[in-house]
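Peer 1: Fold the following for me, if possible:
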Amino acid sequence: MSNALDPSIVKDLSNHIYEKRKATAFQIENLTKAALTKNDSQTIYSIIKELADLVRSGTNSAKMGAITALGSVSVALGSFAIAYFLDDIIKPIFATFRDTDARVRYYACESLYNIAKIARGEILVYFNQVFDILCILVTDTESSVKNAADILDRLIKDIVSAKSTNYVSIVQQEEFQNRRNEILSHVVDSNGVAIQVNIPQDAQKAFSLPKFIPTLLERMYIIDPFAKKFLLSWLELFDDIPSLELITYLPNFLEPLIKFLMNNAPSDVRIETQKLLTTFLKEIKAISNVRYEIKRKQLAKKEPKEQVTEEVDEAEKDLTSLSLKDSSDADGDIFLKGQDIFIDYPMIISILLSFLRDPTTSAKQDVKVNDLRGESRETYYEIQTISLKWLQEIIKFSPTSFVKFFPDCVNIITQNLAITNKPDDEDLRIEFLKFNSALQNVLMSLNEAENDADKISEENEPTHNSILGLNKEVHDEFHELYFHPMLDRIIKVCTNSSNELARITSLDWLIFLYSTNPTSFTGSVVGDGPQDFDFTILLRSANDASNEVVFKVLQFLSKISESNHEFFITFMTKLITFCEREMKNLSIEKFYVREAQGDSYSRERIEFVIRKLCVTLDSEKIYRTLSEVLYSQEYENLEFLNLMVLVLNNILLTSRELTVFRNKLKNLGLDDWNLFATLFKSWCHNPACALSLCLLTSQYELGFLIIKNLSESEVNLQLLTQLDVLVQLLESPIFLKLRLQLLEPESYPYLYKTLYGLLMILPQSSTFNTLRNRLATITNLTSLHLSTPDTVPAVPTPGSSTTTPLTNQLSLRRKRTYEMLDRFTKTQETHSIYKDASADVRSMSSSHTIPRWNQDSKDYFSSTPEKQERNSNPLSRLR
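Peer 2: I've put the predicted structure just below:
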């Protein structure tokens, strides 16, 4: 078969002069027109084949001439006939776009422009290849090629806008015409089984968005800013064509779209990307609003229909008429745009969370992470803010999609709060806290699911939760599958994080979860019983945290204790163990010495814990329980018991948080003896504390007996220091009642004996002078009453019971007083044995100088004045 093109024509096509090549292309165009007029397709195929061979193997000039000639052939064929030859024409041109010669690439753009202008809708069959080529050309280094690509790009966009939704290729037109009246609802396989199908787009259409998405994704991860702008322009175009429903495929390209903001993207790319993301979010919200209204109407119709069915069960005629009426209403519904669009919210949520995860902590987890550490602070802030705003919007209209992400979401929030602790991060931190609140609102709605079910059965109007799909099934799914993992991650943050805001947020979550569902919380955390989990680990982990963190821990523990008495007892027991561990390096000698910063810190932290517990819980209940724990359990460390009682007593006498409890102790009656006895049994471990408790509760006879008991043992420096503090406290407002009772010597004889006994024990110092001056002011009034015999009991306090004879009350009081004295004596004997044993051990391990009485000193101990100079004034601790 002879060639369709003369050798001279082929030679002229290879000429390096443009005008010569162009004239030759016109000759080939005329040859093609003549062949088309004769319906000589073989000649046309031969012309195209020879030109294609020249494109593949010729010189650069020959390539440029052949490319131009192929464009001329397309013009000659026209818009109809070109469909049958387009595949042979366009593929050789596609190969030239990667040629190293910029002129070849330029003429390829020109030729493809001419082909597309003639083919119009037919070019959409090759849209994926054309799009891929355009994406490469917009990054070309040659400006002429880029300009030609821009012109071609505009033409292709015009064609897509006009033809993408309805154009069918002419080649397939005959088959399409035969099936144009058929609605494809099912297909039949080889076995004759009919299978239902749902094809969102006609497979015969020249353009297919589902087939294009993979090509789009291949280019979405490009870094070049020109390519990014090109892709953004195409996404905007597709989004403007409603029938394509690009929003359905958003999860496929959302991640690379957000990454357009990375890699130091220029401002115009960032602005266009943000604009497009905002548009997508608005579309999602609009679609969700439509579906919300559709669901509301469906639920509103469903319930009356069921009620009507029950009411007219006996009347078939009425039932039929009502059913017909309902069907008519259903048929009359208006189809709203967007109600059938499916959006994969879980996939979108997963992508957004990947931009919020901390790569350092998520490396060991099987989760997707988009590392933003290499980006600028502005980019980091921008991407995270966008992700959070999207999540906050999605959770409003699709809360059920978040159920399986709750553990991850809470973990991400606490991690990011730990790193957004700079003043410049305040706005981002606020967005995380907003998202945190939104998650809690969803859980609150889940807990209302059962109530919503009751409302639906009583009312015609469905509830907001039922429309959103928040029901009992979702509630049960969350608590069965995701509640425990979420709780586990929260507790890990509480115990391991060093950031204050992260700890506070996680503790708020613990309080929230227990408040909303205590049963699930208890079952997930403590297992078979509250004793199985040591919640004081939260206190230990917060040892170096701020007071606000500690207070949150106490709020959480108090929340559980309010409704679980068994837990409260266990908590108090472990609190004592916690205090013993914290005060292991603190001794009685160091208690009032502020130079010991580490020890002072431990003491102050323990005091803070107990004080704030008395705010969140009943202070009387706390002190009673702590005292019972100290009394009931056997401790080898009696020094700790001594110190612990000193701490509790110090709080009792100086803290404003215990004002109510302190006032109750001041006005104890016979019926309240059990409270005093409970406290006193543990207060016996410290003589000064036991004496102060007696003075506070007006148990002056017992106080005097304690003074007498102290005279039978050696008074050491520790006791003198504590008595010194007690005398200073007697001058405080707390003991105002006691000072006024000094004006009634006939009613409170043992008060005088106690105070004078205390005066006799104290060494002569400023404290001694303070107490002596106080007693001296009323010497004349009390001189006649100081010789009161021991057999004269004190008159009951004003709060005493008057329902029994006075003699019985006095007898009962005397009996109880001596029972308490016996308890005090035995406890002090135990301490004496313990001290002797400890002294023997110390003397064997190292030399130790014991202070001796010095006649030349004003004090009993030569070291006492020096020690007293370092004592802090306890009155300064009054709150």
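Peer 1: What segments of this structure are strands?
Peer 2: With DSSP state E as the criterion, the chain has strands at 186-188, 194-196.
Peer 1: tell me the mean pLDDT for the last one?
Peer 2: Mean pLDDT, taken over the full extent of strand 194-196, equals 60.
Peer 1: same deal with the first one?
Peer 2: On average, the pLDDT along strand 186-188 is 63.
Peer 1: Stretch 237-252 now?
Peer 2: 93.
Peer 1: Then stretch 214-226?
Peer 2: Stretch 214-226 comes out at a mean pLDDT of 94.
Peer 1: Now find how far off-centre it is within its chain.
Peer 2: With Cα atoms, centre = their mean, to the nearest Å as the basis, stretch 214-226 stands 33 Å off its chain's centre.
Peer 1: Ok, stretch 73-91 next?
Peer 2: Here stretch 73-91 is found 60 Å from its chain centre; the criterion is Cα atoms, centre = their mean.
Peer 1: From here on, call the first residue 305.
Peer 2: Understood, numbering begins at 305; the last thing we discussed is stretch 377-395.
Peer 1: CA atoms only for it, dumped as CSV, please.
Peer 2: Only the C-alpha atoms of stretch 377-395 are listed here, as CSV (Å, rounded to 0.1, in the frame of the first residue of the first chain):
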residue,chain,number,x,y,z
VAL,A,377,-6.5,16.9,10.3
SER,A,378,-8.8,17.5,13.3
VAL,A,379,-10.1,20.7,11.8
ALA,A,380,-10.7,18.9,8.5
LEU,A,381,-12.6,16.1,10.1
GLY,A,382,-15.1,18.4,12.0
SER,A,383,-16.9,17.8,15.2
PHE,A,384,-18.7,14.7,14.2
ALA,A,385,-16.2,12.6,12.2
ILE,A,386,-13.3,13.4,14.6
ALA,A,387,-14.9,11.1,17.2
TYR,A,388,-13.9,8.0,15.1
PHE,A,389,-10.3,9.1,14.6
LEU,A,390,-9.7,11.0,17.9
ASP,A,391,-7.9,8.1,19.6
ASP,A,392,-5.3,7.8,16.8
ILE,A,393,-4.8,11.6,16.6
ILE,A,394,-4.5,12.5,20.3
LYS,A,395,-2.2,9.7,21.7
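Peer 1: Give me the average confidence score over that stretch.
Peer 2: The model assigns stretch 377-395 a mean pLDDT of 94.
Peer 1: And for stretch 930-949?
Peer 2: Mean predicted confidence for stretch 930-949 is 84.
Peer 1: Check stretch 1074-1091 too.
Peer 2: Rounded mean pLDDT across stretch 1074-1091 is 73.
Peer 1: Can you get me a residue count around Leu340?
Peer 2: The number of residues packed near Leu340 is 18, by other Cβ atoms under 10 Å. Heads up, the C-betas are built off the backbone N, CA and C, glycines and all.
Peer 1: need the contact list for it.
Peer 2: Contacts for Leu340 (Cβ atoms under 8 Å, 6 or more residues apart in numbering) come out as 348, 380-382, 385.
Peer 1: Would you check which pair of the residues you listed lies furthest apart?
Peer 2: Longest distance between any two of the contacts of Leu340 is 11.9 Å, between Ile348 and Gly382; criterion Cβ to Cβ.
Peer 1: out of the contacts of Leu340, which one sits closest to Val475?
Peer 2: Set against Val475, the nearest of the contacts of Leu340 by Cβ to Cβ is Ala385 (11.3 Å).
Peer 1: separation between the nearest residue to that closest one once chain neighbours are set aside and Ala994?
Peer 2: Leaving aside its sequence neighbours, Ala385 sits nearest to Leu340 (Cβ to Cβ, 6 or more residues apart in numbering; 6.1 Å). Computed as Cβ to Cβ, to the nearest Å, the Leu340 to Ala994 distance reads 119 Å.
Peer 1: before we move on, the earlier item: narrow the contacts of Leu340 to those in helices?
Peer 2: 348, 380-382, 385 (DSSP state H).
Peer 1: Make a PyMOL selection of the buried ones in those residues.
Peer 2: Buried residues within the ones in helices among the contacts of Leu340, by 16 or more other Cβ atoms under 10 Å, are selected in PyMOL with:
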select buried, resi 348+380+381+385
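Peer 1: how about the ones in helices among the contacts of Leu340 in a markdown table, adding distance to Arg1127?
Peer 2: Shown next, in a markdown table, are the ones in helices among the contacts of Leu340 (distance: Cβ to Cβ, whole Å):
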| residue | distance to Arg1127 |
| --- | --- |
| Ile348 | 119 |
| Ala380 | 119 |
| Leu381 | 115 |
| Gly382 | 116 |
| Ala385 | 116 |
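Peer 1: burial count for Lys337?
Peer 2: Neighbourhood size, Lys337 [other Cβ under 10 Å]: 17.
Peer 1: In contact with it: list those residues for me.
Peer 2: Lys337 neighbours (Cβ under 8 Å, 6+ apart): Ala380.
Peer 1: wait, Lys421 sits on Leu459?
Peer 2: Yes: using Cβ atoms under 8 Å, Lys421 is in contact with Leu459, at 6.4 Å.
Peer 1: What separation do you get for Asp310 and Asn334?
Peer 2: Asp310 sits 13 Å away from Asn334, taking Cβ to Cβ as the criterion.
Peer 1: So for stretch 888-896, mean pLDDT?
Peer 2: Per-region confidence: stretch 888-896 scores 64 on mean pLDDT.
Peer 1: quick one: terminal-to-terminal distance for stretch 671-689?
Peer 2: 21 Å (Cα to Cα, to the nearest Å).
Peer 1: how about it: buried residues?
Peer 2: Using 16+ other Cβ under 10 Å as the test for burial, stretch 671-689 gives 673-674, 676, 679, 683-688.
Peer 1: Can I get these in a markdown table including pLDDT?
Peer 2: As requested, the buried residues of stretch 671-689 are exported to a markdown table (pLDDT from 0 to 100):
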| residue | pLDDT |
| --- | --- |
| Val673 | 86 |
| Asn674 | 85 |
| Leu676 | 87 |
| Glu679 | 89 |
| Thr683 | 93 |
| Tyr684 | 92 |
| Tyr685 | 93 |
| Glu686 | 95 |
| Ile687 | 96 |
| Gln688 | 95 |
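Peer 1: among those residues, which are in helices?
Peer 2: Per DSSP H, the buried residues of stretch 671-689 map to helices at 683-688.
Peer 1: Tabulate those residues (TSV), appending distance to Lys916.
Peer 2: What follows is these, written out as TSV (distance: Cβ to Cβ, whole Å):
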residue	distance to Lys916
Thr683	43
Tyr684	38
Tyr685	36
Glu686	41
Ile687	40
Gln688	35
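Peer 1: Of the residues you listed, which is the nearest to Val408?
Peer 2: The closest of these, once distances to Val408 are taken by Cβ to Cβ, is Thr683, at 38.8 Å.
Peer 1: isn't that closest one right next to Leu565, touching?
Peer 2: Yes: with contact defined as Cβ under 8 Å, Thr683 counts as touching Leu565 (5.9 Å).
Peer 1: Could I have the CA atoms of stretch 842-853 written out in CSV?
Peer 2: The C-alpha coordinates for stretch 842-853 follow below in CSV (Å, rounded to 0.1, in the frame of the first residue of the first chain):
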residue,chain,number,x,y,z
LEU,A,842,-3.5,11.0,91.6
LEU,A,843,-2.4,12.9,94.7
ARG,A,844,1.1,11.5,94.5
SER,A,845,1.4,12.4,90.8
ALA,A,846,0.2,15.9,91.6
ASN,A,847,2.8,16.4,94.3
ASP,A,848,4.8,18.8,92.2
ALA,A,849,1.7,20.4,90.6
SER,A,850,-0.1,23.6,91.4
ASN,A,851,-2.7,23.9,94.1
GLU,A,852,-5.4,24.1,91.4
VAL,A,853,-4.5,20.7,90.1
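Peer 1: tell me the mean pLDDT over it?
Peer 2: Mean predicted confidence for stretch 842-853 is 79.
Peer 1: tell me which residues in that stretch are buried?
Peer 2: Neighbour-count burial for stretch 842-853, with 16+ other Cβ under 10 Å as criterion, is recorded at 842-843, 845-846, 849, 853.
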